[in-house]
Each structure stands twice: as structure tokens, then as C-alpha cells.
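>>> need a 3D model of the sequence below.
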Amino acid sequence: MSNTTKGRLVSLDALRGFVMFWIMSGEHIVHALAKAAPFPIFIWMSSQLHHAEWNGITFYDMIFPVFLFVAGVSMPYSFEKKLQAANVKTPRELPAAEKQKIYLSMLRRTCILIVLGFVVNGLLRFDGLENTRLASVLGRIGLAWFFAGIIYLNFDLKKQLIWFAGILIGYYAAMKWIPVPNFGAGVLTKEGSLEGYIDRMFLPGRLHSKVYDPEGLLSTIPAVSTALLGVFLGTFLRAKDYFSTNVKLLLMTFTAIILILTGMLWDFDFPINKHLWTSSFVCFVGGFSILFFIFFYVIIDLFGFHKWVFPLILIGSNSILIYIAAEGLVDFKHTADYVFGGLIQYTPIVWQPFFAALSVTFIQLLLLYFLYKKRWFLKI
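All right, here's what the predicted structure looks like:
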């Protein structure tokens, strides 16, 4: 644990908390609300908190890439002190010895995230490798962040953009043109895709969806571009002397619209698909990631309205910890039932699941508030 929040962007913590809220318990609140009060708006919200079956996209499909995008935005800020200490302006100018230290630190962080992903997937149940899922959300975050960091540290912005486009075009070409035994080339189904084939051939352990894994090997490559989008935004925000705030907002909004339109157009030939992390998916969600960020950036960093997002900041400042805990390491439901179950039983039966879901969120926020007040943050 680290005992400092110094140097953190509040808007980033709030956005990180916003997307993590839906994973840790928010989705259960909305699902229960839709059943208790089946109004069209609640039913639609509930439908958006499920992954798309295959092609297409829902809000829930955006949560993971937005989180990875935020990790990319943080990168230029996290290296800022190192640049100042070395009296250089860009990461490429850092001395070789300093870069080596950064590489080792990044590798350590990635390895820890991969191992934590194993733990979340049940490694400590010791069911044998064949029954353990090795691919994970945390593992993909670590790997995509790591390789995006390598690109950021060693190439100027123009070459970073070439890497971004090259990865997406290269992934598209591989998925469309490399044949899969018994299926041929360009078959973008669960069984017939190149991504699924590579997972079945080279990814040890249990696959999440039997014939492929949504956090598999090949589809981690375009996730690097998702992280790079965040790096571009973080770099742009740090360029304080070149653009006024209003111009920055206009440029960010324009870029978001272009990315969304690019994803929609690419969707005709390479469908928007979170399971395969297609190039159209990267562009489409990347655009919305920028729009989400603009919303929090304007309200928090520009207008200074902090109080209303405090619960999100609690979540965002310890997002990895609450993710690991909520994924099964801590039984929040048991604690919530013990504390609030007696009161909830006196509410109307149809509303009891809703209040039970709220009570879980309340217990989680209590834990996060305690950690926040103690300045204890899981820093990897």
C-alpha cells in the first residue's frame, strides 16, 4: 500500500471510479431496479449492462477499454517527475540508465497484474493448470499498458501514431487474410476466427468461452492501441503552452467524433466486437472514452466541482483493490446481509433485491472510505 495521493489527476480517478462502479456492484443495482420497477428506461439501462452476445456493442462492453484508456492517460503524468529530474522534455531523451530502471519497474507492475489476474481466476484453488484460466482482465491491462509504455518511451509522437495505426491495420489484415484450418480466412466467428484458433493452440489452461478467450493472446495486441489512445490524450493535455483550454476541448471532441465515425464505417467490414477486440471496436470505444473523459475533466478540473463525484473518487483511487475484492476474494454480500438484512426483510418483496444490492455498494464504499482516510492505496 502507498500512503499518498499526491500527483493524481482527480478527474482520472473519478472516471476510473465511474467505470469500476458498474463492475463492483452497480450492474446488480440496475438489474434489480429494472425488475422492481420495469419502466422502459430502467429496462434499457439493464440491457446495456450485459455484454453483446458477439458483434455489436453495449455500454458494458466499454467498461474495460475505458479503464485501459485511463491507464494510458495517466502514463505521461506518471513520468513527468522523472523528466523534470533528468532535465529533459521527452521520454526519448531520458538517460539509458534511467530508462532501464523504468523498464524494470514497468515489467514488475505487469508481472504483478498478471499474477493477480491468475488469483482472481482461481489459481489458489489448486484445481490444476487445465482447469485454471490464465488469461485475465488484469493481465491484459498489464500487458497492453507495458507495450504502450515501451512505445511511448522510445518513439516520438509521429511514430507513436504510426504504431497505433499499424497495430490496428495489421490486426485487421491478420484476422481477415490469414486462413484458419477447417475454416479458411476472414471467418469472424467464435470457432473460426484466427484469435480463437491461436487461443486454442497456444493459450494454456481453461479458456473462458471454451473455443476462445475474450482476453486471449492475439486480441491483446489491439488492446495496446487502446492504451496508446490514452497516452496520446495525456500527452496532449500536458502540452500546456500550445493550446488554450477551449481549443483543447474542441480538438478532443473533434477527435472523438472522428474515431467514432471511423469505428462505425470499419464496422461494415470488420465488425465492432469486444470479444475479438476488433480494430473498429478500438476506434469506436476510443471515441467514447475521450467523450467520457471530457465530461469529468470539464466538471472536475475546469469547474472545480469535486464533492458530487467523491464516491467515484473513492472507487477510482483504489480501483484495482476493489476489483480484486469484488471478484470473489471478499464476500461483501454476506457482510451486507448481516448488517442490513434485518431491515431489508421489512421492505416490499419485489424491492428487496434492489435494497440488498444497494447495501453491498454501501459496505464497499465504507471500506474504500476507510482506506482513503488512512491514505492507503494499492499501488502496483
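>>> wait, residue 123 sits on residue 132?
Yes. The pair residue 123 and residue 132 qualifies as a contact (CB atoms under 8 Å) at a distance of 5.7 Å. Just so you know, the C-beta spots here come from the backbone N, C-alpha and C atoms, and that holds for glycine as well.
>>> residue 51 falls within a strand, correct?
No. Assigned with DSSP: H, G, I helix; E, B strand; the rest coil, residue 51 falls outside any strand and is coil.
>>> where does residue 305 land in three-state SS?
coil.
>>> give the contact list for it.
Neighbour list for residue 305: residue 299 [criterion: CB atoms under 8 Å, 6 or more residues apart in numbering].
>>> do the same with the one 10 residues further on
Contacts for residue 315 (CB under 8 Å, 6+ apart) come out as 16-18, 20-21, 24, 322, 365, 368.
>>> make TSV out of those residues and add secondary structure and distance to residue 375.
Below are the contacts of residue 315 laid out as TSV (DSSP: H, G, I helix; E, B strand; the rest coil; distance: CB to CB, whole Å):
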residue	secondary structure	distance to residue 375
16	helix	18
17	helix	17
18	helix	22
20	helix	19
21	helix	21
24	helix	21
322	helix	16
365	helix	17
368	helix	12
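>>> pretty sure residue 14 sits against residue 317.
No. Contact criterion CB under 8 Å: residue 14 and residue 317 do not qualify, at 9.5 Å.
>>> ok, those two, which is more surrounded?
Ranked by neighbour count (other CB atoms under 10 Å), residue 14 and residue 317 place residue 14 first, with 28 against 24.
>>> ok, the more buried one - contacts?
If you count contacts by CB under 8 Å, 6+ apart, residue 14 has them with 296, 300, 309, 312-313, 316.
>>> how about residue 91?
79, 83, 99, 152-154.
>>> reformat the contacts of residue 315 as TSV; add distance to residue 208, pLDDT and neighbour count.
Compiled in TSV, the contacts of residue 315 are given as follows (distance: CB to CB, whole Å; pLDDT from 0 to 100; neighbours: other CB atoms under 10 Å):
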residue	distance to residue 208	pLDDT	neighbour count
16	24	94	28
17	26	95	25
18	25	96	23
20	20	96	24
21	23	96	23
24	20	93	22
322	22	95	27
365	29	96	19
368	28	96	23
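>>> most surrounded residue in the contacts of residue 14?
Neighbour counts for the contacts of residue 14, by other CB under 10 Å, peak at residue 316, which reaches 28 neighbours.
>>> touching, that one and residue 20? I think so.
Yes. Residue 316 is in contact with residue 20 according to CB under 8 Å; the separation is 6.6 Å.
>>> by contact count, what packs against the helix-or-strand element of the chain with minimal mean pLDDT?
When the helices and strands of the chain are compared on mean pLDDT, DSSP states H and E, helix 80-86 comes out lowest with a mean of 80. If you count contacts as 3 or more CB pairs under 8 Å, 6 or more residues apart in numbering; DSSP states H and E, helix 80-86 packs onto helix 96-120.
>>> could you give the angle of the helix or strand just after the helix it packs on to helix 96-120?
Once helix 96-120 ends, the next helix or strand along the chain (criterion: DSSP states H and E) is helix 137-154. In terms of direction (axes from the mean of the first three to the mean of the last three CA atoms, to 10 degrees), helix 137-154 departs from helix 96-120 by 170 degrees.
>>> which parts of helix 137-154 are buried?
Neighbour-count burial for helix 137-154 flags 137-153 (criterion: 16 or more other CB atoms under 10 Å).
>>> and after that helix, which helix or strand comes next?
helix 157-177.
>>> so where's the stretch 1-150 of the chain uncertain?
Within the stretch 1-150 of the chain, the segments meeting pLDDT under 70 span 1-8.
>>> now do the SS call for residue 261.
Put simply, residue 261 is helix when judged by three-state DSSP.
>>> could you report the neighbour count for it?
Residues lying near residue 261 (other CB under 10 Å) number 13.
>>> next, the contact list for it, please.
Neighbouring residues of residue 261 by CB under 8 Å, 6+ apart: residue 287.
>>> coming back round to it: tell me the two of the contacts of residue 14 that are most distant?
Of all pairs drawn from these, the widest gap by CB to CB lies between 300 and 316 and measures 11.1 Å.
>>> rewinding a little: for the least confident helix or strand of the chain, buried residues please.
Result for helix 80-86 [16+ other CB under 10 Å]: buried residues residue 83.
>>> which outside residues touch that helix?
Applying CB under 8 Å, 6+ apart, the external contacts of helix 80-86 come out as 7, 89-91, 93-95, 98, 102, 238.
>>> next one: stretch 44-56
Stretch 44-56 has contacts (CB under 8 Å, 6+ apart) with 22, 26-27, 30-31, 33-34, 58-61, 188-190, 271-275.
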